[in-house]
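K.L.:
Attaching a predicted model along with its sequence, questions to come.
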Amino acid sequence: MCLYLTLGLFLHFSILKVVLVTEKMAFKESSFFQIFVFDSVFSILIIMTDLFFNRLFIYVTPLCPLVSPFFFDSTVILKTVFVMGNYSRFGKSVAQVVMVLNRMSCVLQPTSYKNAWKSLTPICYAVLTILPIGGIWNIAISKVYADPTRGGFTINYIKAVKWAALSMFQSIYILTALVITIICTSITLYKLIVLPNRIKAAEKSLCFTSIFISAAFLLVAASQVRYQPTIVVSITHKFQFPFFICSSCDVDLLLLLQAFPFDSFTVGTAVILILANRHIRQSIFGIRMQREERVRTMSGQMNSL
(Lines give C-alpha, C1' and ligand atoms only; values in the text may rest on other atoms or scores of the structure.)
Protein backbone atom coordinates (compact mmCIF):
# COMPACT_ATOMS: atom_id res chain seq x y z
CA MET A 1 0.00 0.00 0.00
CA CYS A 2 2.76 2.42 0.97
CA LEU A 3 4.70 1.58 -2.19
CA TYR A 4 1.96 2.33 -4.71
CA LEU A 5 0.85 5.48 -2.86
CA THR A 6 4.45 6.70 -2.88
CA LEU A 7 4.66 5.87 -6.60
CA GLY A 8 1.46 7.84 -7.18
CA LEU A 9 2.87 10.80 -5.24
CA PHE A 10 6.02 10.77 -7.38
CA LEU A 11 4.09 10.50 -10.66
CA HIS A 12 1.65 13.31 -9.82
CA PHE A 13 4.48 15.61 -8.73
CA SER A 14 6.32 14.72 -11.96
CA ILE A 15 3.26 15.61 -14.05
CA LEU A 16 2.92 18.95 -12.27
CA LYS A 17 6.60 19.68 -12.86
CA VAL A 18 6.32 18.90 -16.58
CA VAL A 19 3.05 20.77 -17.21
CA LEU A 20 3.76 23.82 -15.04
CA VAL A 21 7.56 24.17 -15.24
CA THR A 22 9.76 22.23 -17.65
CA GLU A 23 7.26 21.99 -20.55
CA LYS A 24 5.04 24.92 -19.65
CA MET A 25 5.00 26.44 -23.13
CA ALA A 26 4.00 23.12 -24.71
CA PHE A 27 1.07 22.46 -22.38
CA LYS A 28 -0.27 25.92 -21.55
CA GLU A 29 -2.64 25.86 -24.55
CA SER A 30 -4.10 22.47 -23.64
CA SER A 31 -7.25 22.88 -21.57
CA PHE A 32 -7.23 19.19 -20.68
CA PHE A 33 -3.79 19.36 -19.07
CA GLN A 34 -4.65 22.57 -17.25
CA ILE A 35 -7.67 20.79 -15.77
CA PHE A 36 -5.61 17.70 -15.02
CA VAL A 37 -3.30 19.89 -12.90
CA PHE A 38 -6.18 20.26 -10.44
CA ASP A 39 -6.73 16.51 -10.44
CA SER A 40 -3.05 15.96 -9.65
CA VAL A 41 -3.13 18.52 -6.83
CA PHE A 42 -6.20 16.83 -5.33
CA SER A 43 -4.52 13.43 -5.67
CA ILE A 44 -1.34 14.66 -4.00
CA LEU A 45 -3.31 16.03 -1.04
CA ILE A 46 -5.22 12.75 -0.68
CA ILE A 47 -2.06 10.64 -0.83
CA MET A 48 -0.20 12.87 1.64
CA THR A 49 -3.02 12.87 4.20
CA ASP A 50 -3.28 9.08 3.84
CA LEU A 51 0.45 8.31 3.94
CA PHE A 52 1.44 10.66 6.72
CA PHE A 53 -1.66 10.55 8.89
CA ASN A 54 -4.73 8.42 8.14
CA ARG A 55 -3.12 5.11 7.16
CA LEU A 56 -0.09 5.75 9.36
CA PHE A 57 -2.06 5.81 12.60
CA ILE A 58 -4.36 2.96 11.56
CA TYR A 59 -1.68 0.46 10.57
CA VAL A 60 1.39 1.57 12.56
CA THR A 61 -0.31 1.21 15.92
CA PRO A 62 2.87 1.44 18.12
CA LEU A 63 3.00 5.14 17.23
CA CYS A 64 -0.46 5.83 18.62
CA PRO A 65 0.38 5.84 22.37
CA LEU A 66 3.14 8.36 21.65
CA VAL A 67 1.14 10.82 19.58
CA SER A 68 -2.46 10.27 20.68
CA PRO A 69 -2.32 12.62 23.71
CA PHE A 70 -1.33 15.45 21.41
CA PHE A 71 -4.12 14.79 18.93
CA PHE A 72 -6.75 14.06 21.56
CA ASP A 73 -6.04 17.42 23.20
CA SER A 74 -5.97 19.48 20.00
CA THR A 75 -8.32 19.30 17.02
CA VAL A 76 -6.59 21.91 14.82
CA ILE A 77 -4.37 19.41 13.02
CA LEU A 78 -7.14 16.81 12.96
CA LYS A 79 -9.58 19.24 11.38
CA THR A 80 -7.00 20.43 8.84
CA VAL A 81 -6.21 16.86 7.75
CA PHE A 82 -9.88 15.83 7.72
CA VAL A 83 -11.08 18.87 5.77
CA MET A 84 -8.16 18.81 3.32
CA GLY A 85 -8.52 15.10 2.56
CA ASN A 86 -12.28 15.23 2.03
CA TYR A 87 -12.09 18.50 0.06
CA SER A 88 -9.68 16.76 -2.32
CA ARG A 89 -11.93 13.71 -2.70
CA PHE A 90 -14.87 15.92 -3.66
CA GLY A 91 -12.51 17.83 -5.95
CA LYS A 92 -11.60 14.60 -7.75
CA SER A 93 -15.27 14.00 -8.57
CA VAL A 94 -15.66 17.55 -9.90
CA ALA A 95 -12.44 17.26 -11.93
CA GLN A 96 -13.70 14.00 -13.42
CA VAL A 97 -16.84 15.77 -14.66
CA VAL A 98 -14.88 18.65 -16.18
CA MET A 99 -12.41 16.32 -17.92
CA VAL A 100 -15.10 14.17 -19.58
CA LEU A 101 -16.96 17.30 -20.70
CA ASN A 102 -13.71 18.60 -22.16
CA ARG A 103 -13.12 15.41 -24.16
CA MET A 104 -16.73 15.20 -25.31
CA SER A 105 -16.59 18.76 -26.65
CA CYS A 106 -13.33 17.84 -28.42
CA VAL A 107 -14.97 15.08 -30.47
CA LEU A 108 -18.22 17.00 -31.05
CA GLN A 109 -16.53 20.23 -32.16
CA PRO A 110 -12.95 19.33 -33.10
CA THR A 111 -12.31 22.57 -35.00
CA SER A 112 -13.73 25.07 -32.53
CA TYR A 113 -13.46 23.53 -29.07
CA LYS A 114 -10.00 25.03 -28.37
CA ASN A 115 -11.26 28.59 -28.73
CA ALA A 116 -14.33 27.77 -26.64
CA TRP A 117 -12.23 26.27 -23.85
CA LYS A 118 -9.94 29.30 -23.73
CA SER A 119 -12.91 31.11 -22.22
CA LEU A 120 -14.23 28.13 -20.27
CA THR A 121 -10.95 27.11 -18.60
CA PRO A 122 -10.79 30.08 -16.14
CA ILE A 123 -14.41 29.33 -15.21
CA CYS A 124 -13.43 25.70 -14.63
CA TYR A 125 -10.66 26.85 -12.28
CA ALA A 126 -13.28 28.61 -10.15
CA VAL A 127 -15.66 25.62 -10.31
CA LEU A 128 -12.91 23.18 -9.32
CA THR A 129 -11.91 25.40 -6.40
CA ILE A 130 -15.34 26.33 -5.06
CA LEU A 131 -17.65 23.38 -5.80
CA PRO A 132 -15.90 20.85 -3.50
CA ILE A 133 -16.71 23.16 -0.55
CA GLY A 134 -20.35 22.13 -0.99
CA GLY A 135 -19.45 18.70 0.33
CA ILE A 136 -17.27 19.64 3.30
CA TRP A 137 -18.83 22.79 4.76
CA ASN A 138 -20.46 20.88 7.61
CA ILE A 139 -17.26 19.17 8.75
CA ALA A 140 -15.53 22.56 8.59
CA ILE A 141 -17.90 23.89 11.27
CA SER A 142 -18.25 20.62 13.22
CA LYS A 143 -16.19 19.25 16.09
CA VAL A 144 -13.50 16.85 14.85
CA TYR A 145 -11.94 14.27 17.14
CA ALA A 146 -9.66 11.21 17.17
CA ASP A 147 -11.69 8.01 17.22
CA PRO A 148 -9.90 4.86 18.56
CA THR A 149 -10.13 2.08 15.96
CA ARG A 150 -8.50 -1.40 15.95
CA GLY A 151 -5.53 -0.37 18.07
CA GLY A 152 -4.99 2.87 16.17
CA PHE A 153 -7.22 5.85 15.59
CA THR A 154 -9.08 7.55 12.76
CA ILE A 155 -10.64 10.99 12.42
CA ASN A 156 -14.36 11.38 13.02
CA TYR A 157 -16.68 14.31 13.62
CA ILE A 158 -19.83 15.36 15.47
CA LYS A 159 -22.21 16.92 12.98
CA ALA A 160 -23.01 20.58 13.67
CA VAL A 161 -25.89 20.28 11.17
CA LYS A 162 -27.44 16.87 11.75
CA TRP A 163 -28.87 16.25 8.28
CA ALA A 164 -25.69 17.27 6.41
CA ALA A 165 -23.81 13.97 6.58
CA LEU A 166 -20.49 13.67 4.78
CA SER A 167 -21.53 10.31 3.30
CA MET A 168 -24.69 11.85 1.85
CA PHE A 169 -22.77 14.60 0.05
CA GLN A 170 -20.18 12.10 -1.15
CA SER A 171 -22.90 9.89 -2.63
CA ILE A 172 -24.50 12.91 -4.34
CA TYR A 173 -21.22 14.08 -5.86
CA ILE A 174 -20.13 10.63 -7.00
CA LEU A 175 -23.56 9.68 -8.36
CA THR A 176 -23.79 12.97 -10.29
CA ALA A 177 -20.28 12.51 -11.65
CA LEU A 178 -21.10 8.90 -12.55
CA VAL A 179 -24.14 9.83 -14.64
CA ILE A 180 -22.27 12.61 -16.47
CA THR A 181 -19.24 10.35 -16.97
CA ILE A 182 -21.31 7.56 -18.52
CA ILE A 183 -23.10 9.95 -20.90
CA CYS A 184 -20.03 11.92 -21.96
CA THR A 185 -17.72 8.92 -22.25
CA SER A 186 -20.29 7.04 -24.35
CA ILE A 187 -20.59 9.99 -26.74
CA THR A 188 -16.80 10.39 -26.89
CA LEU A 189 -16.22 6.71 -27.63
CA TYR A 190 -18.98 6.66 -30.26
CA LYS A 191 -17.56 9.69 -32.07
CA LEU A 192 -14.05 8.23 -31.99
CA ILE A 193 -15.36 5.07 -33.65
CA VAL A 194 -17.60 6.80 -36.22
CA LEU A 195 -15.33 9.75 -37.08
CA PRO A 196 -11.76 8.62 -36.30
CA ASN A 197 -10.09 10.80 -38.96
CA ARG A 198 -11.57 14.08 -37.73
CA ILE A 199 -9.64 13.96 -34.45
CA LYS A 200 -5.93 14.76 -34.29
CA ALA A 201 -3.70 12.00 -32.96
CA ALA A 202 -2.72 14.00 -29.86
CA GLU A 203 -6.35 14.79 -29.03
CA LYS A 204 -7.34 11.19 -29.68
CA SER A 205 -4.71 10.09 -27.16
CA LEU A 206 -6.22 12.40 -24.53
CA CYS A 207 -9.70 11.05 -25.33
CA PHE A 208 -8.55 7.50 -24.63
CA THR A 209 -6.83 8.77 -21.49
CA SER A 210 -10.14 10.21 -20.32
CA ILE A 211 -11.97 6.98 -21.17
CA PHE A 212 -9.54 4.87 -19.10
CA ILE A 213 -9.75 7.34 -16.21
CA SER A 214 -13.54 7.11 -16.42
CA ALA A 215 -13.29 3.33 -16.13
CA ALA A 216 -11.28 3.75 -12.92
CA PHE A 217 -13.91 6.19 -11.64
CA LEU A 218 -16.63 3.61 -12.26
CA LEU A 219 -14.90 1.35 -9.73
CA VAL A 220 -15.06 4.16 -7.17
CA ALA A 221 -18.77 4.67 -7.82
CA ALA A 222 -19.42 0.94 -7.50
CA SER A 223 -17.69 0.83 -4.11
CA GLN A 224 -19.87 3.40 -2.38
CA VAL A 225 -21.34 1.25 0.37
CA ARG A 226 -21.86 2.99 3.69
CA TYR A 227 -21.69 1.47 7.15
CA GLN A 228 -24.26 3.16 9.39
CA PRO A 229 -26.46 2.02 12.25
CA THR A 230 -30.07 1.58 11.19
CA ILE A 231 -33.09 0.80 13.40
CA VAL A 232 -35.20 -2.01 11.95
CA VAL A 233 -37.33 -3.60 14.73
CA SER A 234 -34.17 -4.04 16.81
CA ILE A 235 -30.91 -2.15 16.54
CA THR A 236 -28.80 -3.74 13.79
CA HIS A 237 -25.94 -2.63 11.58
CA LYS A 238 -26.39 -2.36 7.88
CA PHE A 239 -24.44 -1.12 4.87
CA GLN A 240 -26.26 1.64 3.10
CA PHE A 241 -25.55 2.02 -0.61
CA PRO A 242 -26.98 4.88 -2.70
CA PHE A 243 -28.87 2.25 -4.73
CA PHE A 244 -29.47 -0.61 -2.24
CA ILE A 245 -28.86 -1.84 1.32
CA CYS A 246 -26.64 -4.79 2.16
CA SER A 247 -27.39 -6.32 5.55
CA SER A 248 -25.05 -9.32 5.40
CA CYS A 249 -21.73 -7.80 4.30
CA ASP A 250 -18.49 -8.17 6.25
CA VAL A 251 -17.31 -4.83 7.71
CA ASP A 252 -13.53 -5.28 7.32
CA LEU A 253 -13.80 -6.79 3.84
CA LEU A 254 -16.09 -4.02 2.62
CA LEU A 255 -13.82 -1.29 3.99
CA LEU A 256 -10.89 -2.92 2.18
CA LEU A 257 -12.89 -3.14 -1.04
CA GLN A 258 -13.77 0.55 -0.66
CA ALA A 259 -10.16 1.63 -0.16
CA PHE A 260 -8.80 -0.18 -3.22
CA PRO A 261 -10.96 1.62 -5.86
CA PHE A 262 -10.22 5.02 -4.27
CA ASP A 263 -6.49 4.28 -4.26
CA SER A 264 -6.67 3.00 -7.83
CA PHE A 265 -8.45 6.16 -8.95
CA THR A 266 -6.07 8.45 -7.06
CA VAL A 267 -2.87 6.78 -8.28
CA GLY A 268 -4.31 5.48 -11.55
CA THR A 269 -5.05 8.86 -13.12
CA ALA A 270 -1.32 9.64 -13.19
CA VAL A 271 -0.37 6.15 -14.40
CA ILE A 272 -2.98 6.25 -17.19
CA LEU A 273 -1.93 9.71 -18.38
CA ILE A 274 1.74 8.76 -18.49
CA LEU A 275 1.10 5.47 -20.30
CA ALA A 276 -1.30 7.03 -22.82
CA ASN A 277 0.55 10.28 -23.54
CA ARG A 278 3.95 9.99 -25.20
CA HIS A 279 4.89 13.65 -24.64
CA ILE A 280 4.36 13.42 -20.89
CA ARG A 281 6.11 10.06 -20.76
CA GLN A 282 9.15 11.34 -22.63
CA SER A 283 9.29 14.51 -20.55
CA ILE A 284 9.29 12.57 -17.27
CA PHE A 285 11.57 9.73 -18.35
CA GLY A 286 13.40 11.60 -21.10
CA ILE A 287 16.97 10.97 -19.92
CA ARG A 288 16.39 7.27 -19.60
CA MET A 289 14.70 7.03 -23.00
CA GLN A 290 17.50 9.00 -24.67
CA ARG A 291 20.07 6.65 -23.12
CA GLU A 292 18.15 3.61 -24.36
CA GLU A 293 17.89 5.17 -27.82
CA ARG A 294 21.66 5.71 -27.91
CA VAL A 295 22.20 2.08 -26.90
CA ARG A 296 19.88 0.88 -29.67
CA THR A 297 21.65 3.13 -32.18
CA MET A 298 25.07 1.84 -31.17
CA SER A 299 23.82 -1.75 -31.33
CA GLY A 300 22.46 -1.16 -34.81
CA GLN A 301 25.77 0.33 -35.96
CA MET A 302 27.73 -2.61 -34.55
CA ASN A 303 25.39 -5.11 -36.20
CA SER A 304 25.85 -3.39 -39.56
CA LEU A 305 29.66 -3.79 -39.41
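P.N.:
Okay, I see it.
K.L.:
Going along the chain, name the strands of the stretch 1-150 of the chain.
P.N.:
Ranges of strands in the stretch 1-150 of the chain, per DSSP state E, counting those that start in this stretch, are 143-149.
K.L.:
Name the spans of it whose pLDDT lies under the cut-off.
P.N.:
Applying pLDDT under 70 to the stretch 1-150 of the chain flags residues 64, 68, 71-74.
K.L.:
rerun that using 50 as the cut-off
P.N.:
Within the stretch 1-150 of the chain, not a single segment meets pLDDT under 50.
K.L.:
Tell me which stretches of the stretch 51-200 of the chain form helices.
P.N.:
Using DSSP state H, counting those that start in this stretch, the helices of the stretch 51-200 of the chain run over residues 55-59, 64-73, 76-108, 113-130, 133-141, 166-194.
K.L.:
how about those, which one is nearest I284?
P.N.:
Proximity to I284 (CB to CB) singles out helix 76-108 among those, at 19.9 Å. (Each C-beta comes from the backbone N, C-alpha and C, glycine too.)
K.L.:
Please determine how far the most centrally placed residue in the chain is located from S119.
P.N.:
Among the residues of the chain, the one closest to the centroid is T266, at 3.8 Å (CA atoms, centre = their mean). Taking CB to CB, to the nearest Å as the measure, T266 falls 30 Å from S119.
K.L.:
What of G286?
P.N.:
Counting by CB to CB, the gap from G286 to S119 is 33 Å.
K.L.:
and if you look at A95?
P.N.:
Shown here: A95 relative to S119, a distance of 19 Å by CB to CB.
K.L.:
Who has more neighbours out of these two?
P.N.:
Using other CB atoms under 10 Å, the more surrounded residue of A95 and S119 is A95, with 28 against 8.
K.L.:
That one touches S40, doesn't it?
P.N.:
No. Using CB atoms under 8 Å, A95 is not in contact with S40; the gap is 9.2 Å.
K.L.:
Now stretch 208-225: buried residues?
P.N.:
208-214, 216-218, 220-221, 223-225 (16 or more other CB atoms under 10 Å).
K.L.:
go on, stretch 92-108?
P.N.:
The neighbour-count check on stretch 92-108 (16+ other CB under 10 Å) flags 92-107 as buried.
K.L.:
chain center to it, what's the gap?
P.N.:
Relative to its chain's centre, stretch 92-108 lies at 14 Å (CA atoms, centre = their mean, to the nearest Å).
K.L.:
Then stretch 156-175?
P.N.:
The answer for stretch 156-175 is 19 Å, by CA atoms, centre = their mean.
K.L.:
Show me what counts as buried in that stretch.
P.N.:
For stretch 156-175, the buried set under the neighbour-count rule, 16+ other CB under 10 Å, comprises N156, Y157, A165, L166, F169, Q170, S171, Y173, I174.
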